[in-house]
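Chemist: build me a structure from this.
(chains A, B, C and D)
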Amino acid sequence: MKLAIRLFAAARDLAGSGAVFVELPSDANVGGLRVALAAQHPQLAPLASRSLVAVNAEYAQDTTPVADGDELALIPPVSGG
Amino acid sequence: MKLAIRLFAAARDLAGSGAVFVELPSDANVGGLRVALAAQHPQLAPLASRSLVAVNAEYAQDTTPVADGDELALIPPVSGG
Amino acid sequence: MIELTTHPIEAQALLARAQQPEAGAVVLFLGTTRKYTGDRETVELQYEAYRGMAERELKKLEAEARRRWKLVECAIVHRLGIVPLAEASVAIAVSSAHRDAAFEAGRWLIDTLKDSVPIWKQERWADGEVEWVHPSERGRESFATGELVLPAV
Amino acid sequence: MIELTTHPIEAQALLARAQQPEAGAVVLFLGTTRKYTGDRETVELQYEAYRGMAERELKKLEAEARRRWKLVECAIVHRLGIVPLAEASVAIAVSSAHRDAAFEAGRWLIDTLKDSVPIWKQERWADGEVEWVHPSERGRESFATGELVLPAV
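Modeler: Below is the predicted model of the structure:
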């Protein structure tokens, strides 16, 4: 399956876009998503390794499954406040 | 010597006045002032025992001397804020 | 900046003073007239000060806070006279480069003000009673033992 | 109450919300754009959010603060877009019957917001550099170990 991942802040700047697509097997989880993202978009790899992933606007763990239709986002270390 | 002591809050209400006079020997200190105040104005005695004394707008100790012309005040436990 | 005033405290003006370009954090504390103390209802509060001494003590508080923390602004305003429900009797506005100093100084200032500044509160209860508040065994003993942070005599 | 806004934060309106008759203490925290970081000069900051998620996280913060402390009001507002020098990027207004809760909740809310809410700051330095701020080894390790107070996944 082909899933979009939303990007913010430095990740968006690195990709030149507010989202990128990744190809994933249908039984993927967040850990697999991280590997695929770094492989398919190597310019994001360094920041992605320091980032969290949100699935449907909730912080997810590497074991969290991802499915077609999920809203996915890469969350670099936050700096609000 | 005869000195005025300023009164505030419940002390003022108890005395019915913003100040009372006390007769003191000329070498008096704050401790002597407390004793004289309680003896000469017994309605103030209970609150005075819980109060501080200020000499010239500074908190004073019982050993602080008092002299004619000093600005004296009885400072009941404060409750600002 | 310190001030005693019989008018409503203008919090917005204190914030404007505190929001300087050198600051990154502002903490404003307001002590406000609370309606209920347990089941008992307050109609309003009245505050009285030994004004000249209270101003001196407030200036000492500002100076001591500025000595303990690096502050951009440190403003303490106490209202006197009647303070209606929900209005502020005291406002403390502090700003600093980082938030630790502003939070710590704000908390220290209100705690110390309540222990050392000659201002008194009168409760005006809904049941008609009028009562000067003269705390407390804790405060009393602290005065006696010198445990309180009182300005040096 | 939580809000994300691209307009200047109206602190006075937050204070009006917080000053309820049931409260005796109000703490307002403002995080403001600071001009100097060491010797380096900031022209302005820009903030970006993952808006839908940031709103959810802010609501969780309010709910958790209200669970931990008895609060009368708990308002969190974060500004997005450009925030000029001395203006507030974030405002937290909490009120409670007594001041302990307001101070503790205010401090906890800003600390936790900075760790958990998906909002990012871009420094716009006077030397022309533009830089997203993505802290930090501390924050990073906290995420990894779960030491941070993150909402349960």
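Chemist: closest residue of chain C to chain B?
Modeler: Proximity of chain C to chain B (Cβ to the nearest Cβ) peaks at residue C:119, 3.0 Å away. C-beta: built from backbone N, CA, C; applies to glycine.
Chemist: how far away is that residue from residue C:74?
Modeler: 18 Å (Cβ to Cβ, to the nearest Å).
Chemist: three-state assignment of residue C:28?
Modeler: Of the three states, residue C:28 takes strand under DSSP: H, G, I helix; E, B strand; the rest coil.
Chemist: what's the local residue count around the spatially closest residue to it that is not a sequence neighbour?
Modeler: Excluding the flanking residues, the one nearest residue C:28 by Cβ to Cβ, 6 or more residues apart in numbering or on different chains is residue D:28, at 4.2 Å. By other Cβ atoms under 10 Å in any protein chain shown, 27 other residues sit near residue D:28.
Chemist: what of residue A:46?
Modeler: Using other Cβ under 10 Å, residue A:46 is surrounded by 12 other residues.
Chemist: A helix includes it, no?
Modeler: Yes - counting by three-state DSSP, residue A:46 is part of a helix.
Chemist: who's in contact with the spatially closest residue to residue C:21 that is not a sequence neighbour?
Modeler: With sequence-adjacent residues excluded and distances taken as Cβ to Cβ, 6+ apart, residue C:21 is closest to residue D:35, at 3.9 Å. Taking Cβ atoms under 8 Å, 6 or more residues apart in numbering or on different chains as the criterion, residue D:35 is in contact with C:21, C:22, D:41, D:42, D:85, D:86.
Chemist: top of those by number of neighbours, please.
Modeler: If you rank these by neighbour count (other Cβ under 10 Å), residue D:86 sits at the top with 20 neighbours.
Chemist: that one: what's it in contact with?
Modeler: By Cβ under 8 Å, 6+ apart, residue D:86 lies in contact with C:19, C:20, C:21, C:23, D:32, D:33, D:35.
Chemist: for residue A:8, same thing?
Modeler: By Cβ under 8 Å, 6+ apart, the contact list for residue A:8 reads A:18, A:73, A:74, A:75, A:76, D:48, D:49, D:50, D:118, D:120.
Chemist: quick one: neighbours of residue 3, just the number.
Modeler: Using chain A here. Residue A:3: 21 surrounding residues under other Cβ under 10 Å.
Chemist: that's the wrong chain, I meant chain C
Modeler: Using other Cβ under 10 Å, residue C:3 has 15 other residues around it.
Chemist: please name the bridge partners of it.
Modeler: Going by DSSP bridges, residue C:3 is paired in beta bridges with residue C:77.
Chemist: hang on, residue C:24 packs against residue D:30?
Modeler: No - when contacts are counted by Cβ atoms under 8 Å, residue C:24 is not listed as touching residue D:30 (9.4 Å).
Chemist: more neighbours, the two?
Modeler: Taking neighbours as other Cβ under 10 Å, residue C:24 and residue D:30 compare with residue D:30 leading, 30 against 25.
Chemist: for that one, list the residues it contacts.
Modeler: Listed by Cβ under 8 Å, 6+ apart, the contact set of residue D:30 reads C:15, C:19, C:25, C:26, C:28, D:9, D:11, D:88, D:90, D:91.
Chemist: in a markdown table, list the residues you listed along with pLDDT and secondary structure.
Modeler: Formatted as a markdown table, the contacts of residue D:30 follow (pLDDT from 0 to 100; DSSP: H, G, I helix; E, B strand; the rest coil):
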| residue | pLDDT | secondary structure |
| --- | --- | --- |
| C:15 | 98 | helix |
| C:19 | 98 | coil |
| C:25 | 98 | strand |
| C:26 | 98 | strand |
| C:28 | 99 | strand |
| D:9 | 98 | coil |
| D:11 | 98 | helix |
| D:88 | 98 | strand |
| D:90 | 98 | strand |
| D:91 | 99 | strand |
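Chemist: between the residues you listed, which is nearest residue A:29?
Modeler: Nearest to residue A:29 out of these is residue D:90 (Cβ to Cβ; 33.9 Å).
Chemist: which helix or strand contains the residue lying closest to the closest one once chain neighbours are set aside?
Modeler: Leaving aside its sequence neighbours, residue D:90 sits nearest to residue D:31 (Cβ to Cβ, 6+ apart; 4.2 Å). Using DSSP states H and E, residue D:31 sits within strand D:25-32.
Chemist: not counting its own residues, what contacts the helix or strand just after that strand?
Modeler: Per DSSP H and E, strand D:25-32 leads on to strand D:36-37 as the next helix or strand towards the C-terminus. With contact meaning Cβ under 8 Å, 6+ apart, strand D:36-37 is reached by C:22, C:97, D:42, D:123.
Chemist: what is the most widely separated pair among these?
Modeler: Spatially, the most separated pair among those is C:22 and D:123, at 16.5 Å (Cβ to Cβ).
Chemist: next one, pLDDT for the residue nearest to residue D:90 please.
Modeler: Looking at residue D:31, its pLDDT is 98.
Chemist: where does chain C have low pLDDT?
Modeler: Across chain C, the ranges flagged by pLDDT under 70 are C:136-153.
Chemist: would you map the helices across it?
Modeler: Taking DSSP state H as the test, the helices found in chain C are C:11-18, C:51-68, C:99-116, C:137-145.
Chemist: make JSON lines out of those and add distance to residue B:53.
Modeler: Output for those, formatted as JSON lines (distance: least, Cβ to Cβ, whole Å):
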{"stretch": "helix C:11-18", "distance to residue B:53": "33"}
{"stretch": "helix C:51-68", "distance to residue B:53": "12"}
{"stretch": "helix C:99-116", "distance to residue B:53": "15"}
{"stretch": "helix C:137-145", "distance to residue B:53": "11"}
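Chemist: out of these, which gets nearest to residue D:68?
Modeler: With Cβ to Cβ, the closest approach to residue D:68 among the helices of chain C belongs to helix C:99-116: 16.9 Å.
Chemist: what about the closest one, near chain A?
Modeler: No - on the criterion Cβ under 8 Å from any Cβ of the partner chain, helix C:99-116 is out of touch with chain A, staying 8.7 Å away.
Chemist: whichever residue of chain C sits closest to chain A - nearest residue in space that isn't next to it in sequence?
Modeler: Using Cβ to the nearest Cβ, the single residue of chain C nearest to chain A is residue C:99, 8.7 Å away. Leaving aside its sequence neighbours, residue C:99 sits nearest to residue C:25 (Cβ to Cβ, 6+ apart; 3.8 Å).
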